[in-house]
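**Student:** Starting from these lines, generate the structure:
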Amino acid sequence: MTTILIPVTNHATLGNTDEANGTYAPELTHALAVFIKAGFTFQIASIKGGAVPIYGEDIEGDDVNSNILADEAVKAQLQNSVPLNDIDITRYDAIFYPGGFGLLSDLAEDSGFANLAATLYENNGIIGAVCHGPAALLPITLQSGETLLADKRVTGFTREEEIDFGTISKIPFLLEESLARKAKGYSKVQPWLENVVVDQRLVTGQNPASAHGVATNMVSMLSQ
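**Tutor:** Below is the predicted model:
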């Protein structure tokens, strides 16, 4: 059975502010809906384990978000995420990083999950990330000494979207700039439009509207 590892943040605020944050729920739930429909299993994990912070649970008119968050199995995993030290990466076929501002403060520089992701990728696994999720790709270094992003084209949350969202002065760093400096190429479309980039076994999405597309591409690749 195909199993997806989903690392999420333990960081509960927007950068160093006191504004509640964490993982942006719709980017998790819309991907989970696709994985569940495909018959895949999933495991939510975090650096520390335990209950993890999320926001965006009450998006009006988003039935997918509401229904997935109401699922008892999903609720249980969000309350009891698996800690990094308990993960056996050989049990997983893919990794998916949902976004949210929280991971800019932990997964974006965490070597533990980066090493697991490198191992999975080098064993022909697939990695997906959406919105701020691609920040978790920054520390991934392969056995060759090259970074995962060195020969990949990617996308992620843009400067314009940070401005629109009012967060540009609150974030620890600008993801667009970091990706543009580290990846082979960075692409973006107009703010808030869907944009999914596939390069080898790496799938990235620009913003919340891209979560479904990232997951759909991952399912297609895992089903081959």
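**Student:** Please make it C-alpha for all contacts and neighbour counts, starting now.
**Tutor:** OK.
**Student:** So Thr13 sits against Leu103, correct?
**Tutor:** No: the pair Thr13 and Leu103 does not pass the contact test of Cα atoms under 8 Å, sitting 9.8 Å apart.
**Student:** shared neighbours of these two, anything?
**Tutor:** Listed contacts common to Thr13 and Leu103 are Gly22; contacts here mean Cα atoms under 8 Å, 6 or more residues apart in numbering.
**Student:** the more surrounded of the two?
**Tutor:** Applying other Cα atoms under 10 Å to Thr13 and Leu103 shows that Leu103 carries more neighbours, namely 30 against 19.
**Student:** Distance check, the residue of the chain most remote from its centre against Asn85.
**Tutor:** Largest separation from the mean C-alpha position in the chain: Ser144, at 24.2 Å (Cα atoms, centre = their mean). Using Cα to Cα, to the nearest Å, we find Ser144 at a distance of 24 Å from Asn85.
**Student:** do the same with Pro139
**Tutor:** From Pro139 across to Asn85, the span is 18 Å (Cα to Cα).
**Student:** Give me the more crowded residue out of those two.
**Tutor:** Set Pro139 next to Asn85 and count neighbours by other Cα under 10 Å: Pro139 wins out with 22 against 12.
**Student:** most centrally placed residue in the protein?
**Tutor:** Tyr97 (1.8 Å).
**Student:** so that residue touches Ile126, yeah?
**Tutor:** No: counting by Cα under 8 Å, Tyr97 stays clear of Ile126, with 11.4 Å between them.
**Student:** which residues of this protein score low on pLDDT?
**Tutor:** Nowhere does the chain drop to pLDDT under 70.
**Student:** dump the residue contacts of Val197.
**Tutor:** Contacts of Val197 (Cα under 8 Å, 6+ apart): 153-155, 203-205.
**Student:** quick check, it in a helix?
**Tutor:** No: according to DSSP: H, G, I helix; E, B strand; the rest coil, Val197 belongs to no helix; its state is strand.
**Student:** Phi, psi for the spatially closest residue to it that is not a sequence neighbour please.
**Tutor:** Among residues not flanking Val197 along the chain, Thr204 sits closest, at 5.3 Å (Cα to Cα, 6 or more residues apart in numbering). Dihedral pair for Thr204: phi -130, psi 150, per degrees, to the nearest 10.
**Student:** now the strands for this protein?
**Tutor:** 3-7, 23-24, 41-46, 54-55, 82-83, 94-97, 126-130, 153-154, 185-186, 196-199, 202-205 (DSSP state E).
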